[in-house]
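**Q** Show me the folded form of this:
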Amino acid sequence: MMMPSIFGENLFDDFFDNSFRDYSGTQELMKTDVKENENDFEIDMSLPGVNKEDIKAELNDGYLTVSASTSNVKEDNDEKKRYVRRERYYGSCSRSFYVGDQVKQDEIKARYENGVLSLNIPKKEEKKTEVEQNNYIAIEG
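**A** Numbering: from 1, shown residues only. Predicted coordinates:
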């Protein structure tokens, strides 16, 4: 028998919480904070459990792409052991941010510490492309 929701919440929300919805483990990877300062942008990205060597940041056509991969899976050949639940993530993921065509690769500073990738990107004014305007002469008659 279905029970009505109470105060806008489903009665079964506690039973089927978020941990059952995302088996990939990616819900904590690559959560990002972007802070705008006067002269630059600061990006802090959570990458828990990822080694520095497995993180790549690339600037291409004005897009900064950060990709990371991890493999926490260890071979376990003991047939008597069975996993009841497995939540540790392994695989790869990436995110892209448009930073503009004026930013150069050597101007971006990156640091990885305690599972957080920090990027510092200078603000650059976009060159405005001139739109060709037609200067027509009014014709009477």
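
**Q** In the chain, what residue spans correspond to strands?
**A** Under the criterion DSSP state E, the chain contains strands at 32-36, 40-46, 55-60, 63-70, 91-98, 109-113, 116-122.

**Q** how about the fourth one: buried residues?
**A** What it means is strand 63-70. 64, 66, 68, 70 (16 or more other Cβ atoms under 10 Å). Heads up, the C-betas are built off the backbone N, CA and C, glycines and all.

**Q** Kindly present the residues you listed as CSV, with separate columns for pLDDT and distance to residue 140.
**A** As requested, the buried residues of strand 63-70 are arranged in CSV below (pLDDT from 0 to 100; distance: Cβ to Cβ, whole Å):
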residue, pLDDT, distance to residue 140
64, 94, 55
66, 95, 61
68, 92, 67
70, 82, 74
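
**Q** dump the residue contacts of residue 54.
**A** By Cβ atoms under 8 Å, 6 or more residues apart in numbering, the contact list for residue 54 reads 68-70.
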